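>>> Sharing a model that was predicted from the sequence below.
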Amino acid sequence: MTKMVCGQVNVFVYILVILMGLSAWIDINGLWSELPILVNRLPEKWSLPSYMVVIIQMANIGPLAFSVAKFAKIKHVKEVPVIYIIIITGFASTLLLAFFWNRTTYIRGVEHSTALFVLNFLLAFVDCTSSVVFLPFMAAFNPKYITALYIGEGFSGLLPSVVALGQGVSNVHCVNGTQFSNVTRNGSVINVTEYVVYPMYQKPTFTIEVFFFFLSGMMVVSGLAFTALNFIPVCKREQTCMGQQYEPAVFNSEDSELACGKYKCYESDSPSLEQQVQFHEDSTDLKMGFDNALDSSDSPTRRTKLKIVISSELNTDYNQCNQTVATYVWLLLLTMWINGLTNGVLPSIQSYSVLPYGNSAYHLAVNLANIANPLACFVTFFFQIQSVVAITGLVAVGSVVGAFCIFLATSSPDPVLAGEDWGSAMVVIAWVLVVLLLSYPKVAIAGLLRLRGKRALLWCGIVTQIGSALGAITMFLSVNIFKLFVQGSPCNHV
């Protein structure tokens, strides 16, 4: 295999990172993809999504515990073993779902899908933790590999959706029926017959159990990809290119300004590392790097072993790389806001927003949005905005489109243009746009935070989960406590 120099990406390693990224959310996203079938067989019906969202956010105890351990500098808490725990737990939980997804119990006289909820919590526990583990792990790689991680996370929504379509989650047709009820009028009880149109879901092409077996199989694939990233020599060379294995012998990269990404210090006798280093003897930045990395007590031999890598991927100068605290905080706040919308608010109300426009519009919106996510991430590989103002503008426009989707949800079961072709096109376009406009800046922000080092990526994961939790809790209260949304039927306007 041809060796790639520092600043480029190895296609094989890039694909492995994508496959590893699948394990971040493919199991939870799989549950969402299976909802059209699950809601018709479980007692919660269409309230199930709001229960799932709040359970997912309750699982934030996982990333909280990991973050506390990292800030407390507990030596035994490292990214690699935690990622293995995430993948193994995801595999075991999806496998158990295949056998116990429909087990229910009564709580205070109300039937609930307790087995699904417990396993959902376990999946969410490790998936939420992946937000604060995967990004710091990727700090070892060329910054462009972060895009691969987000592409993998995007495919973690797309793949289950495609499989669910093949299963037949969209196979529904509207049938005429009658509904009988007793109504009291002027003190007398009379029988009333109503003629209604209701959805009839056809039998899926394969069972829910097979779908969960598919999810467990994908966790195995992700586990193998992650193992390859840690042990195959070409993958390890891509890691040492960014110096994670050598930083601690020189200086604390998480606290030093040089960890901002443009400058990296290494200590190694490895000839392969020498071939990857761009050594500029006359560079002022090089001398500054030595001054920060060494003190007067260092021996000449040690000094000759140190090199400063100037990454060809980063075109910003040192002052741009060393972002102000205000910019850093603003990027974190934007990350929190984006994930509050995309992981908390919008998933909770998607069925309210789209389903009144018909079953075809609903599944088209869901699946095209799932395609838009990895597509937006892939675009950043070729074109990445580094302007904070431009990123903020994209987030603002995406938020406006998201507010429109929320407005349609509040109008359910009779939103504007429901039953019209223009209405169906409008709602599908809105959901695709909101995913495109919010997914792209999310990846761009992660790339900027990568310039500040590993700790910045840890904080990126932390605020991701904080935003997701706040959005989910808000929507759980809105849907289940305050009853602000009324579920529409795909047959309302037939």
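Structure received. Note that this is a predicted model, so its numbers are computed, not measured.

>>> Okay, domains of this structure per the record?
The chain resolves into domains spanning 1-169+204-242, 246-310, 323-494 when parsed by automatic domain parsing.

>>> Which of those has the lowest mean pLDDT?
Mean pLDDT values for the domains of the chain show the minimum at domain 246-310, a mean of 39.

>>> before we move on, the earlier item: quick one: which of the domains of the chain is nearest residue 190?
Closest to residue 190 of those, according to C-beta to C-beta: domain 323-494, at 26.0 Å. C-beta coordinates here come from the backbone N, C-alpha and C atoms, glycine included.

>>> sorry, back to before: with distance to residue 190 and mean neighbour count added, can I get the domains of the chain in JSON lines?
As requested, the domains of the chain are exported to JSON lines (distance: least, C-beta to C-beta, whole Å; neighbours: other C-beta atoms under 10 Å):
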{"stretch": "domain 1-169+204-242", "distance to residue 190": "29", "mean neighbour count": "20"}
{"stretch": "domain 246-310", "distance to residue 190": "75", "mean neighbour count": "15"}
{"stretch": "domain 323-494", "distance to residue 190": "26", "mean neighbour count": "20"}
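
>>> need the longest helix for this structure.
Longest among the helix segments of the chain by residue count, using DSSP state H, is helix 421-450.

>>> helices or strands next to that helix in the packing?
Contact partners of helix 421-450 among helices and strands, from 3 or more C-beta pairs under 8 Å, 6 or more residues apart in numbering; DSSP states H and E: helix 144-167, helix 325-339, helix 346-354, helix 359-382, helix 388-410, helix 454-476.

>>> Not counting sequence-adjacent ones, nearest residue to residue 77?
Using C-beta to C-beta, 6 or more residues apart in numbering and skipping residues adjacent in sequence, the residue nearest residue 77 is residue 69, 4.1 Å away.

>>> Ok, residue 236 next?
residue 230 (7.6 Å).

>>> Check the gap between that neighbour and residue 336 for me.
31 Å (C-beta to C-beta, to the nearest Å).

>>> swap in residue 430?
Look at residue 430 and residue 336: by C-beta to C-beta, they are 23 Å apart.

>>> ok, now which ones touch the residue positioned nearest the centre of the chain?
Centroid check for the chain by C-alpha atoms, centre = their mean gives residue 153 as the closest residue, at 5.3 Å. Taking C-beta atoms under 8 Å, 6 or more residues apart in numbering, we find residue 153 in contact with 21-22, 24-25, 373, 377.

>>> and those as TSV, adding distance to residue 395?
Output for the contacts of residue 153, formatted as TSV (distance: C-beta to C-beta, whole Å):
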residue	distance to residue 395
21	22
22	26
24	22
25	21
373	16
377	16
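
>>> distance between the longest helix of the chain and the chain's centre?
In terms of C-alpha atoms, centre = their mean, to the nearest Å, the centre of helix 421-450 is found 13 Å from the chain centre.

>>> for stretch 129-142, same thing?
Between the centre of stretch 129-142 and the centre of its host chain there is 13 Å, according to C-alpha atoms, centre = their mean.

>>> Quick check, residue 476 in contact with residue 53.
Yes: counting by C-beta atoms under 8 Å, residue 476 does reach residue 53; the two are 6.2 Å apart.

>>> tell me, what's touching those two both at once?
Taking C-beta under 8 Å, 6+ apart as the contact definition, residue 476 and residue 53 share the neighbouring residues residue 348.

>>> returning to what we had before: so the residue nearest to residue 77 is in which element?
In the assignment (DSSP states H and E), residue 69 maps to helix 61-71.

>>> Excluding chain neighbours, give the residue nearest to residue 458 in space.
Spatial nearest neighbour of residue 458, chain neighbours left out: residue 136 (5.0 Å); criterion: C-beta to C-beta, 6+ apart.

>>> roughly how far apart are that neighbour and residue 73?
14 Å.

>>> list the contacts for residue 63?
Listed by C-beta under 8 Å, 6+ apart, the contact set of residue 63 reads 128-129, 131-132, 461-462, 465.

>>> Wasn't residue 43 part of a strand?
No: using DSSP: H, G, I helix; E, B strand; the rest coil, the assignment for residue 43 is coil, not a strand.

>>> how near is it to residue 238?
Per C-beta to C-beta, residue 43 is found 49 Å from residue 238.

>>> ditto for residue 339
Separation of residue 339 from residue 238 (C-beta to C-beta) stands at 28 Å.

>>> cool, and residue 114?
Shown here: residue 114 relative to residue 238, a distance of 44 Å by C-beta to C-beta.

>>> and what of residue 399?
Using C-beta to C-beta, residue 399 is found at 36 Å from residue 238.

>>> Over to residue 482?
50 Å.

>>> With residue 78 instead?
Taking C-beta to C-beta, one finds residue 78 at 19 Å from residue 238.

>>> same deal with residue 340?
Relative to residue 238, residue 340 is positioned 33 Å away (C-beta to C-beta).

>>> Would you confirm that residue 89 contacts residue 119?
No: here residue 89 does not reach residue 119: they are 10.3 Å apart, not a contact under C-beta under 8 Å.

>>> so where does residue 484 fall, helix or strand?
Under the criterion DSSP H and E, no helix or strand holds residue 484.

>>> For it, which non-adjacent residue is closest in space?
residue 478 (4.6 Å).

>>> tell me the contacts of the one you found?
348, 484-485.

>>> And for residue 369?
Residues near residue 369 by C-beta under 8 Å, 6+ apart: 431-432, 434-435.

>>> same deal with residue 463?
Applying C-beta under 8 Å, 6+ apart, we find residue 463 in contact with 332-333, 335-336, 339.

>>> Which one of the contacts of residue 478 is nearest to residue 392?
For the contacts of residue 478, the nearest to residue 392 is residue 348 (25.1 Å; C-beta to C-beta).
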